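J.: Give me coordinates for this.
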Amino acid sequence: MTLRPAALTAVAVLALAAPATAAAATLPVPASPAPAAPVVAASVATGDACTGPDGVTVVVDLTDLGGAVEVGCADGDPATGREALESAGFVPTDSSPGFICAVEGLPDPCPEEFDGSYWSYWTAEPAGDWVAQTEGADTTDPVPGTFEGWRYNDGSTGPGVAPAALAGTAASDAATEDASASAPDSADASGEAATDEVGGDGPDADGGFPVGAALAVGALVALVAVVLVRRRS
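T.: Here you go, the predicted structure:
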């Protein structure tokens, strides 16, 4: 059988296209990029941490109950975790002696049966991470300068604000207060110096007048005397 020129052209095109098609079928298809993990916003704390080495900072995370992260300072050296909690301004509620079922009235009402969540109790150094307490708040003895944390959840995670962030904010606030307190003293010193400089032309420290002013008055008196003498002559 004799192939016409058009048929030969078609056969040649098919022969060239076949390897390319087969190669394309065996090339790996790039996988779609995996969706990025959602970014969880950091909790915003209200209240103030302790600003010095004395006192225990208490953090109560109410976010799981619809509230905010609240911070308070228990001044001095509280004897127990419960005392630190109360001294920092928080009100605990017990469902039975020694068992805190609510803080600041949450949850309301206190659960009558355990549902998997409870007020988990934590501790941390100023630059450290939250660590679950191994004993109850009535027997722990917080160390001044450290942090106590409370969060109503299943006990898997501590409060949503890092102690380091709270310690840094407290240090910054303390520095700002010190700068504001020293500003009036600097202004008073500048004012006194300016008064001393201006006072050089005024009365001296003994209540008299400067020497220059006394000479001027003497010259004026002498001039008046000369004028009067000339008139009498």
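J.: Show the average pLDDT along the one helix or strand A84 maps to.
T.: Under the criterion DSSP states H and E, the helix or strand holding A84 is helix 81-87. Rounded to a whole number, the mean pLDDT of helix 81-87 is 98.
J.: by contact count, what packs against the next helix or strand after it?
T.: Toward the C-terminal end, the helix or strand that comes next after helix 81-87 (DSSP H and E) is strand 92-96. Using 3 or more Cβ pairs under 8 Å, 6 or more residues apart in numbering; DSSP states H and E, the elements in contact with strand 92-96 are helix 81-87, strand 99-103. Any C-beta I mention is one placed from the backbone N, CA and C, and that applies to glycine too.
J.: Alpha carbons only: can I get the longest one in CSV?
T.: Backbone C-alpha positions of helix 81-87 (Å, rounded to 0.1, in the frame of the first residue of the first chain) are rendered in CSV as follows:
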residue,chain,number,x,y,z
GLY,A,81,-1.2,29.6,97.4
ARG,A,82,-4.7,30.3,98.6
GLU,A,83,-3.5,33.3,100.6
ALA,A,84,-1.6,34.6,97.5
LEU,A,85,-4.8,34.2,95.4
GLU,A,86,-6.9,36.1,97.9
SER,A,87,-4.2,38.8,98.6
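J.: follow-up on the earlier one: who wins for proximity to A68 among the helices and strands packed on strand 92-96?
T.: strand 99-103 (12.8 Å; Cβ to Cβ).
J.: quick one, the closest one and strand 92-96 angle?
T.: 140 degrees (axes from the mean of the first three to the mean of the last three Cα atoms, to 10 degrees).
J.: for this structure, what spans make up the strands?
T.: With DSSP state E, the ranges of strands along the chain come out as 45-47, 56-61, 69-74, 92-96, 99-103, 118-124, 131-132, 147-153.
J.: quick one on the thing from earlier: okay, the helices and strands packed on strand 92-96 in CSV with distance to S117 and mean neighbour count next?
T.: What follows is the helices and strands packed on strand 92-96, written out as CSV (distance: least, Cβ to Cβ, whole Å; neighbours: other Cβ atoms under 10 Å):
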stretch, distance to S117, mean neighbour count
helix 81-87, 18, 22
strand 99-103, 11, 19
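J.: In TSV: the ones you listed, plus distance to D129.
T.: What follows is the helices and strands packed on strand 92-96, written out as TSV (distance: least, Cβ to Cβ, whole Å):
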stretch	distance to D129
helix 81-87	18
strand 99-103	22
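J.: Quick check: which of the ones you listed is nearest to G149?
T.: Evaluated over the helices and strands packed on strand 92-96, closeness to G149 peaks at helix 81-87, with 10.1 Å, by Cβ to Cβ.
J.: Now tell me what touches the closest one from outside.
T.: For helix 81-87, contacts defined as Cβ atoms under 8 Å, 6 or more residues apart in numbering pick out 56, 58, 60, 74-76, 78, 92, 100, 103, 121, 133, 136-138, 140, 142, 148, 150.
J.: Please indicate which of the residues you listed are buried?
T.: Applying a neighbour-count criterion of 16 or more other Cβ atoms under 10 Å, the buried members of these are 56, 58, 60, 74, 78, 92, 100, 103, 121, 133, 137, 140, 142, 148, 150.
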